[in-house]
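[1] pasted the sequence and its predicted model underneath.
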Amino acid sequence: MRRFFVDKADKSETKLSGAEYKHLAEVLRARVGDKIILCPNDGRDYVYAIKALDKTSATLEYLYDYPNETECALDLTVYPALLKGDKTELVVQKLTELGVKNIRPFISEFTVQKSEKSDRLQRAAHEAAKQCGRAIIPSIDKPQTFDKILPQLGDFDNVVFAYEGTYADGKRIDEVIRGDEKSVALIVGPEGGFSEKEVLALTDSGYMPVTLGKRILRAETASIAGSAVIMFLTGEWK
């Protein structure tokens, strides 16, 4: 069944309108009697049957609801530095597929692209959540400066940042992630990497640089690969 994200899902007859209705009627060519899922971002899937279709909305009959099993128990928040072109959009798409809860882009000292349209990133997360069967679209913050993210990091059970400068003597990510964390933050720099000042700010705050292997990964690859490894190490790929 196709899924559609809505503000709320009543356990009664309801209407689907706006952009989600256009996708249902004009792209998917849905018919009366078809079943669909509404997702109000509460972790549950609500199943409805299409009762009627008109030019602006669909009338839906509530059937049943159940907990969505795709959401991760781990609260993984990724801080990816803004990247050139559409690479940040790619990162958001793939992190959504991996089950990341929060995505908080930031502007590093070596960031080339200093801004990003938030609606593009929201749209990428929205479409990816539909495709991979999630019940919750990850929250995506507006890009913030590096110094603004440091005070946020104390809220997590564990914080790591990918740093290619540690590949020879740094700890592997599996040596730092314990596996019993409830919340983890992963920080990944831009194409030019972190500045020395930023590395010192993170390490002086007690946060651990980790290597993602012997090869230096592109920034977009590091966010995706690092998140996947963390999900595996915390038991989310069982």
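    Cool, got the structure.
[2] looking at the protein, which helix or strand is least sure?
    Each helix and strand of the chain was given a mean pLDDT (mean pLDDT, DSSP states H and E); the minimum falls on strand 171-172 at a mean of 86.
[3] chain center to stretch 40-59: distance?
    24 Å (CA atoms, centre = their mean, to the nearest Å).
[4] is it true that T96 touches A124?
    Yes - using CB atoms under 8 Å as the test, T96 is close enough to A124 to be in contact (7.5 Å). Using the backbone N, CA and C atoms, a C-beta is placed for each residue, glycine as well.
[5] contacting residues around the closest residue to I37 other than its chain neighbours?
    Among residues not flanking I37 along the chain, R3 sits closest, at 4.2 Å (CB to CB, 6 or more residues apart in numbering). Taking CB atoms under 8 Å, 6 or more residues apart in numbering, we find R3 in contact with I36, I37, L38, C39, D45, K130, G133.
[6] list the buried ones in the helix or strand that R3 is a member of?
    Using DSSP states H and E, R3 falls within strand 2-5. By neighbour count on 16 or more other CB atoms under 10 Å, the buried set for strand 2-5 is R3, F4, F5.
[7] the last one and P190: what is the separation?
    What that stands for is F5. Noted for F5: a distance of 30 Å to P190, by CB to CB, to the nearest Å.
[8] next one: the first one
    With distances taken as CB to CB, R3 is found 33 Å from P190.
[9] the second one too?
    According to CB to CB, F4 and P190 sit 35 Å apart.
[10] residues in contact with the most centrally placed residue in the chain?
    For the chain, T96 is the residue whose C-alpha lies nearest the centre (CA atoms, centre = their mean; 3.6 Å). The contact partners of T96, taken as CB under 8 Å, 6+ apart, are I103, A124, A125, A128, A129, C132, R134, I137, P138.
[11] and if we set it to 10 Å?
    103, 124-132, 134, 136-138, 140 (CB atoms under 10 Å, 6 or more residues apart in numbering).
[12] surely it forms part of a helix?
    Yes - per DSSP: H, G, I helix; E, B strand; the rest coil, T96 lies within a helix segment.
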